[in-house]
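>>> here is my input; please provide its structure:
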Amino acid sequence: DPVRARPELPEFHWEDPEDEPLKRTPLYDWHKAHTRKVIPFAGWEMPVWYTGVLDEHNAVRKAAGLFDVAHMGVFEISGPHATEFLDLVLTNYTRWFAPGESFYSYFLDQDGRVIDDLMVYRRGKDLYLMVVNAACADKDWAWLNAVNNGEVLIDRERPDLRVLRPATLRDLKDPSNGADMRVDLALQGPASLAILQSLTDDRRLKDRLARVPKTGLIECQLGGGATSSGERFDLIISRTGYTGEDVGYELFVHPDQAVAFWEALLEAGEPFGLQPCGLACRDSTRTEAGLPLYGHELAGPFDMSPTGAGFGSYVKLHKPYFVGRRAHLARERDRTMEIARFRMNQRGVRMPKTGDPVVNRRGRAVGWVTSAAVDVDGWILGLAYLESRYHREGDGIGIFSLPARPLVEKDDKAHLEPGDKIQLPDLATILTRFPDDDERSHWRGEKVESVPRFLPAGE
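Model (predicted):
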């Protein structure tokens, strides 16, 4: 059998290069001119905030925030076998989605472990746009090409399995792609639609923008006479984002127009309360919304699966096949933990960090913190990886927010004397896995009858 006679394929292996120079988005100079808080992040120099995380967080929830996400990877998958290829490498069902729709999905390796999470936008019958995490972009690009070219093992039980009809792959941030290059900006918050509509005088286009459904996308031009510069911007606009907002857009623009488009958006958005936002606000809004971050609630030190993160519905187990399917099922049979959302009960406590231990009300260790940030009211809210049986809404938990310098404690508590110190856990309450309607109304400053109280049962 000539197929069975093929040489055994090597496993995919990736190591991030060391000592690579930091990359910069097209907006780097603009950020440096407007904030001193520019830091290294995922191999890029990115702004942390401009006016402050709480101010920017509230702008997103009550008006709108503008994020530079041009560090994210942007790939194109095309050709007559593009759908077939994506259905092989993605956990979601690519062929279910029509042109003008987008979806969330994962790359798994042959052992069912998460390589990355991503968004796919179907621009046409055989044309897809894919956005991946900045920290994983080089790895994802190498993985996609290795699978597409039949160069790596994708199934341990069927080591001969490989792509026979490759797709066409392009990195749309590569200058060799000329006019087709794209980078991502994110406009998020309830005023986002009105801001986009203000960038056109065309009533039909205003209506078309208003009709874009959640996860839908259109391609159009904005600007021209509706902006002070008169510049026109060729855009792919999707109603997606990473803040948990119902109204929000990701805007794919040519990098040469990124600064002009950014400034046009800020100018048009000023009457609506639009503010530029940095990494801190991006993290606080996604944490408040319960959305996972690769390396924290996916993969990372706890080797978390999509199902453990609360997103098992994006792993379509009724698909006949995708890379990692069988291994994922086997791993899920043994999983005992999952992500929970919590809020601290008091202000002024230390911010928990990834890996800080979590205990239940009886002092039993039940998991670890994965992310923490401030919420719309300035309280600390976070996500934790807990034993599933202790993940119950309303239950109290304790979090040991470990200091940088370990506290010297006596092992034998029977010999504690006045002046000795021991660390006590800060108290928190488990919330619903994702925000409910009352919480979302509270984000927008709307009066609700039952604003959640975050105190331990019995207090």
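>>> tally of neighbours for V212?
17 (other C-beta atoms under 10 Å). C-beta: built from backbone N, CA, C; applies to glycine.
>>> where does this structure have low pLDDT?
The chain contains residues with pLDDT under 70 at 1-7, 447-459.
>>> send the alpha carbons of stretch 219-227 over as CSV?
What follows is stretch 219-227 as a C-alpha-only set of coordinates in CSV (Å, rounded to 0.1, in the frame of the first residue of the first chain):
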residue,chain,number,x,y,z
GLU,A,219,-16.9,45.1,3.6
CYS,A,220,-17.3,48.8,2.8
GLN,A,221,-15.6,52.2,2.7
LEU,A,222,-16.0,54.9,5.4
GLY,A,223,-14.7,58.4,5.6
GLY,A,224,-14.5,60.7,2.6
GLY,A,225,-16.6,63.9,3.1
ALA,A,226,-17.7,62.7,6.5
THR,A,227,-14.2,63.2,8.0
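>>> who's in contact with that stretch?
123, 196, 198-201, 205, 208-209, 229-237, 261, 264, 267-268 (C-beta atoms under 8 Å, 6 or more residues apart in numbering).
>>> next one: stretch 162-182
Applying C-beta under 8 Å, 6+ apart, the contact partners of stretch 162-182 are 6, 9, 73-82, 84-86, 88, 129, 141, 144-145, 147-150, 154, 183, 236, 252-256.
>>> what of stretch 399-417?
By C-beta under 8 Å, 6+ apart, stretch 399-417 touches 342, 344, 349-353, 356-359, 369, 384, 420-423, 425-428.
>>> one more time with 7 Å, if that's ok
Identification of contacts with stretch 399-417 by C-beta atoms under 7 Å, 6 or more residues apart in numbering yields 349-352, 356-358, 369, 420-423, 425-426, 428.
>>> ok now it, how far from the chain's centre?
Computed by C-alpha atoms, centre = their mean, to the nearest Å, the chain-centroid distance of stretch 399-417 equals 36 Å.
>>> quick one: end-to-end length of that stretch, please.
25 Å (C-alpha to C-alpha, to the nearest Å).
>>> before we move on, back to that, which of the contacts of stretch 162-182 fall within helices?
Judged by DSSP state H, these include 82, 84-86, 88, 141, 144-145, 147-148 as members of helices.
>>> got a PyMOL select line for the buried ones in the contacts of stretch 399-417?
With 16 or more other C-beta atoms under 10 Å as the criterion, this PyMOL line picks the buried residues out of those:
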select buried, resi 349+352+356+357+358+369+425+426+428
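>>> quick one: neighbours of the closest residue to R326 other than its chain neighbours, just the number.
Ranked by C-beta to C-beta, 6 or more residues apart in numbering and with sequence neighbours excluded, the top spatial neighbour of R326 is E157, at 6.9 Å. Residues lying near E157 (other C-beta under 10 Å) number 8.
>>> could you do H296 as well?
Neighbours of H296 (other C-beta under 10 Å): 22.
>>> right, and it touches T370 too?
Yes - with contact defined as C-beta atoms under 7 Å, H296 reaches T370; the gap is 4.7 Å.
>>> shared neighbours of these two, anything?
With C-beta under 7 Å, 6+ apart, H296 and T370 have common neighbours T354.
>>> now do the SS call for E219.
State at E219, reduced to three classes by DSSP: H, G, I helix; E, B strand; the rest coil: strand.
>>> how far away is it from L427?
50 Å (C-beta to C-beta, to the nearest Å).
>>> more crowded one of those two?
L427 (19 against 13).
>>> about what we covered before: may I see the PyMOL selection of the buried members of the contacts of stretch 219-227?
Command for PyMOL, covering only those of the contacts of stretch 219-227 found buried under the criterion 16+ other C-beta under 10 Å:
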select buried, resi 123+196+198+199+200+205+209+232+233+234+235+236+237+261+264+268
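>>> so which of the contacts of stretch 219-227 are in strands?
123, 232-237 (DSSP state E).
>>> which one of those residues sits closest to T215?
I237 (12.2 Å; C-beta to C-beta).
>>> hmm, the closest one is touching G216, no?
No - the pair I237 / G216 is not scored as a contact, 9.2 Å apart, by C-beta under 7 Å.
>>> list residues touching both of those two?
Counting by C-beta under 7 Å, 6+ apart, no residue touches both I237 and G216.
>>> helix, strand, or coil at A179?
Per three-state DSSP, the local secondary structure of A179 is helix.
>>> give me the distance between it and E263.
From A179 to E263 the distance is 21 Å (C-beta to C-beta).
>>> who's more crowded, those two?
Neighbour tally, A179 and E263, criterion other C-beta under 10 Å: the higher count belongs to E263, 16 against 7.
>>> distance check, R113 against F12.
Counting by C-beta to C-beta, the gap from R113 to F12 is 11 Å.
>>> overlap of the contact sets of those two?
Joint contacts of R113 and F12 (C-beta under 7 Å, 6+ apart) do not exist.
>>> can you get me a residue count around D377?
Count around D377 with other C-beta under 10 Å applied: 14.
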